[in-house]
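Asks: fold the stuff below for me.
(2 chains, ligands or ions: 2)
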Amino acid sequence: MEMDRTVVAEERPTIIDTVTGAIRENYLNANYGLKSWFLTVDHKRIAILYLISITLFFFLGGSFAVMIRLELITPQGDLVQAETYNKLFTMHGIVMVFFFLIPSIPAVLGNFLVPIMIGARDMAFPRLNLASWYIYVVGGLFTLGAMIAGGIDTGWTFYTPYSTSFSNTYVIATGLGIFVVGFSSILTGLNFIVTIHKMRAPGLTWFRLPLFIWSNYATSIIMVLGTPVIAVTILLVALERGLHIGIFDPALGGDPILFQHLFWFYSHPAVYIMILPAMGVISELVACFSRRRVFGYKFVAFASLGIAVIGFLVWGHHMFVSGQSSYAGMIFSFLSFIVAIPSAIKVFNWTATMYKGSISYDTPMLYVMGFIGLFTIGGLTGLFLACLGVDIHVHDTYFIVAHFHYIMVGGTIMAYLGGIHFWWPKITGRMYPEGWGKFSALLIFVGFNLTFFPQFLLGYLGMPRRYYAYPQEFQVLNVMSSAGASVLGVGYLLPLVYFLWSLRYGRIAGSNPWKATGLEWQTSSPPPTENFLATPVVTEEPYQYSPEETEAEYAMTKKENVNV
Amino acid sequence: MWDFPLFPEQASTVAGRVDSLYFFLVTITIVFSLLIAFAIAFFAIKYRRGNNVDRSNPLSESKTMEAVWIGVPLVIVMIIFFWGTNVYFTIVRAPKQAEDVYATGKQWMWKFQHIGGQREINELHVPVGKPIRVIMTSEDVIHSLYFPSFRVKQDVLPGRYTQLWFEPNKPGTYHIFCAEYCGLQHSGMIGRVVVMDPVSYQRWLSTGKGGGGSTTGDAGTGSGESMASAGEKIFQQQGCASCHMADDATRAPQLKGLFGTQVALKNGETITADEQYIRESILRSGAKIVEGYEPVMPVYQGRISEEDLMQLLVYVKSLAAPAKNQSGGTQSATVPGTATGEQARGTAQHADVPAANAKSGSK
Ligand SMILES: [Cu+2]
Ligand SMILES: [Cu+2]
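Replies: Residues are numbered from 1 along each chain as shown, chains lettered A, B, ... in the order given. Ligands and ions are numbered 1, 2, ... in the order given. From the prediction side, this is the model:
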């Protein structure tokens, strides 16, 4: 068939496992032993290495959050010392931002999927890809070492001159860890850009690319252009702290505001490093479970690029009360409102994708619906912060804490988990238990809202962030938040358990359990080392789903089941 | 624990305006969240697999729809932008008649000094119905002075002045927080602002009693002596007077009437003589040399405390209108503001706080 992109196994004999029926020869069982993993240049194995390492960091960062929420149950400081508390929220932020959220979707799902989705055998630079993981590990160990040695208490934002001249903690060591891990990000971005440009299968034009590729491409641009700035900024902090060269500390002749400009020049776009790949995941999932082509494909694709470009021009919205010029504040406010538009475009297009679809409520789709809801609230509350008159009041309060958790946890982590569930059968060849999947998705949604919604109220009431002790009247809302966090914690632990369980006991998935389009579903699960046994040729646009066909098939299987 | 507010008190003239804007945003948020949530729920139910409904000819793109959902949000965010910016400029532009209070942040306390010389720590007494302008700096790291009930906040930076203003309109006691993380006891860097009726406030100024607590007097330069007169003493002690108060202005620029005027600099620039300029000229005299003078003044950086510097500043400001203001430095402590503040603050350039400061911050 002309339009059939199914790859026929022809070049290499495949071994069918007599017990399970799965194709035996795949990237997981192609060879064994530690060496085969630690020296692998297979993008899929590297993705697994990332998956394991970022999961460790996620639960480490999560355990810091548990301590924070426990401490905040009572207004006075009692569970830990103030010093410990300050280190806890600092390390929570550093671990979650630099070692979990930034690498999460690109390094795990991106690494695994980008080459397969474009019909390539591997990344453009497979060894560089492995090097990225090693750099990540070195950076991570550096930062972990600094934490074990005593930690750091500057907040993940490292504001000067506190970080350079006042803090007595391991600022330089932690900073170097982040400096190092930045290179992993840069190299991953570079690899993606080259891979997407040069390695697409025959016929796979730009507008036939899945939106996941578009969003990872946009993300890569930010990684490559933005990350060097944070690297330089960290070096400058180290120079001032170590050698007392006056850069940021006014006592040494420096300017503390300069640090904020440099820091946010990277760290605002970094938010898009975290959310753009998540948006890509949502586009894939919403199409598959609605059995519809993503509505407004080109608008969604260009919205990603729009966000990547405009995202570089809005950093000053973090500095409305810093003492920067009020006219600068005005311009940054304006641009921050503008950057909201591409996100709105995406939300509306995803929603419209469901119209006239054939919608099933599998776990990934539950994550999609959760994501759209939470991201909408996160995005809309971002307007409060872009709005000068309101930001003056809510800046540096729990309002902003709630807002960015809606984006990063409600957005990125929901999409990440949705994506992991969706591609788990591809990655491992096994299905996760669907009932548990739905249950934990629900638990996470409820727990998340319980944890973070009260923080909006706390913020508008005026409770500043990073407070170890707080006035009595804020207690009820804090207790609610901590209670929600315990639900959220259980929600996160469950997938860890059942994913591990499924590795051995999960149902065999088959090559395309979701009947999804996309090249990754046209090879076996798990895919062979070379991804495709013959190079696929693409002849059509992505997301060729038909809701009516799906309905017809569904009706048929239902009838068969009744007859049996 | 049973004191359980869900909304902060409104205790300043601007609080109501911020809250109206906030409620507009809350409404927008609720409307759009519900719209999306209902759409998702509706589609998810109506088009669930197995439900026999019309699915023929589904659209998968529409320029009209895209135009609508780009256009409508664009209009809404522009409304918010203009409204928010309008409120913002009210928040940052202090009225000319505002009364000055000086604040110094340090790890981990707030020190306030009224023009009349009264000092307070972690507590600030202000009269209801009068705009108050707080001019502030930090002795160490960045702090942020935050009055949630007034809806105002401003970072407090080492090495320069920033300012905020508010006009309390409801007597009571409200929180003061430090909003910018500043180290170990960040959450202990809190205090209270006591808003008093004008009569009690006057009594408090003269006696330090009545209404909410006592001043934390400082024997050195405080009690009973206005900031300007304390500043004048420093001016004499440090030997400033020998050059800056000489009958002819050959060695150093004259300071009488200086504050708020335009100063021509040697490098050809013209600069407004504002708080930041005076601060810089005292600490690092070489930074901005006035046209026609040589850089002969000693550097005072590290030789004068932030609080002394503020008193010196108030003294220099009090010299602003020599014809009228003879008693500027020695006015009774019970009538703050009247002697020193008014003329000094008169210039429009000063009213816009961050803009004025930004010049010195981004040099
Ligand atoms: Cu930002
Ligand atoms: Cu502070």
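Asks: return the residues of the stretch 151-300 of chain B in contact with chain A.
Replies: B:151-155, B:157-160, B:162, B:175, B:177-188, B:190 (CB under 8 Å from any CB of the partner chain). (Each C-beta comes from the backbone N, C-alpha and C, glycine too.)
Asks: export stretch B:133-143 as CSV, just CAs?
Replies: The C-alpha trace of stretch B:133-143 is given here as CSV (Å, rounded to 0.1, in the frame of the first residue of the first chain):
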residue,chain,number,x,y,z
ARG,B,133,6.9,58.7,51.5
VAL,B,134,9.5,56.3,52.8
ILE,B,135,13.1,56.8,51.5
MET,B,136,15.1,53.8,52.2
THR,B,137,18.4,51.9,51.9
SER,B,138,20.0,48.7,53.1
GLU,B,139,23.1,48.3,55.2
ASP,B,140,23.8,44.8,53.8
VAL,B,141,21.7,42.7,51.4
ILE,B,142,18.6,43.4,49.5
HIS,B,143,15.4,43.5,51.5
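Asks: what about the strands in the stretch 251-400 of chain A?
Replies: Read by DSSP state E, counting those that start in this stretch, the stretch 251-400 of chain A holds no strands at all.
Asks: the residues of the stretch 151-300 of chain B next to chain A: which ones sit near ligand 2?
Replies: When contact is defined as CB under 5 Å from the ion, these meet ligand 2 at B:178, B:182.
Asks: among the residues of the stretch 151-300 of chain B next to chain A, which are located in strands?
Replies: B:152, B:153, B:154, B:155, B:162, B:175, B:177, B:178 (DSSP state E).
Asks: spatially, which two of those are the most separated?
Replies: B:162 and B:175 (19.9 Å; CB to CB).
Asks: higher neighbour count, the two?
Replies: residue B:162 (26 against 21; other CB atoms under 10 Å in any protein chain shown).
Asks: quick check: the more buried one touching residue B:156?
Replies: Yes - counting by CB atoms under 8 Å, residue B:162 touches residue B:156, with 6.3 Å between them.
Asks: give me the common contacts of those two.
Replies: Among the neighbours of residue B:162, those also in contact with residue B:156 (CB atoms under 8 Å, 6 or more residues apart in numbering or on different chains) are B:136, B:137.
Asks: in terms of helices and strands, where is residue A:168?
Replies: Using DSSP states H and E, residue A:168 is not contained in any helix or strand.
Asks: which phi and psi does it have?
Replies: With angles defined as degrees, to the nearest 10, residue A:168 sits at phi -100, psi 20.
Asks: cool, residue A:543 as well?
Replies: Backbone geometry at residue A:543, expressed as degrees, to the nearest 10, gives phi 60, psi 50.
Asks: one more: residue A:169?
Replies: The phi/psi pair for residue A:169 (degrees, to the nearest 10) is phi -110, psi -170.
Asks: residue B:52: neighbour count?
Replies: 7.
Asks: surely residue A:147 is within a helix?
Replies: Yes - remark: residue A:147 belongs to a helix, assigned using DSSP: H, G, I helix; E, B strand; the rest coil.
Asks: contacting residues for it?
Replies: The contact partners of residue A:147, by CB under 8 Å, 6+ apart, come to A:91, A:170, A:174.
Asks: again with residue A:122
Replies: Taking CB under 8 Å, 6+ apart as the test, what residue A:122 contacts is A:41, A:42, A:43, A:115, A:129, A:531.
Asks: that one - that's part of a helix, no?
Replies: No - counting by three-state DSSP, residue A:122 is not part of a helix but coil.
Asks: against residue A:384, how distant is it?
Replies: 45 Å (CB to CB, to the nearest Å).
Asks: pick out the residue of the stretch 301-450 of chain A closest to chain B.
Replies: Residue nearest to chain B within the stretch 301-450 of chain A (CB to the nearest CB): residue A:389, separated by 3.0 Å.
Asks: neighbours around that residue, how many?
Replies: 27.
Asks: output the contacts of residue A:147 in TSV, with pLDDT, neighbour count and secondary structure appended to each entry.
Replies: Conversion of these to TSV gives the following (pLDDT from 0 to 100; neighbours: other CB atoms under 10 Å in any protein chain shown; DSSP: H, G, I helix; E, B strand; the rest coil):
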residue	pLDDT	neighbour count	secondary structure
A:91	96	24	helix
A:170	94	22	coil
A:174	94	28	helix
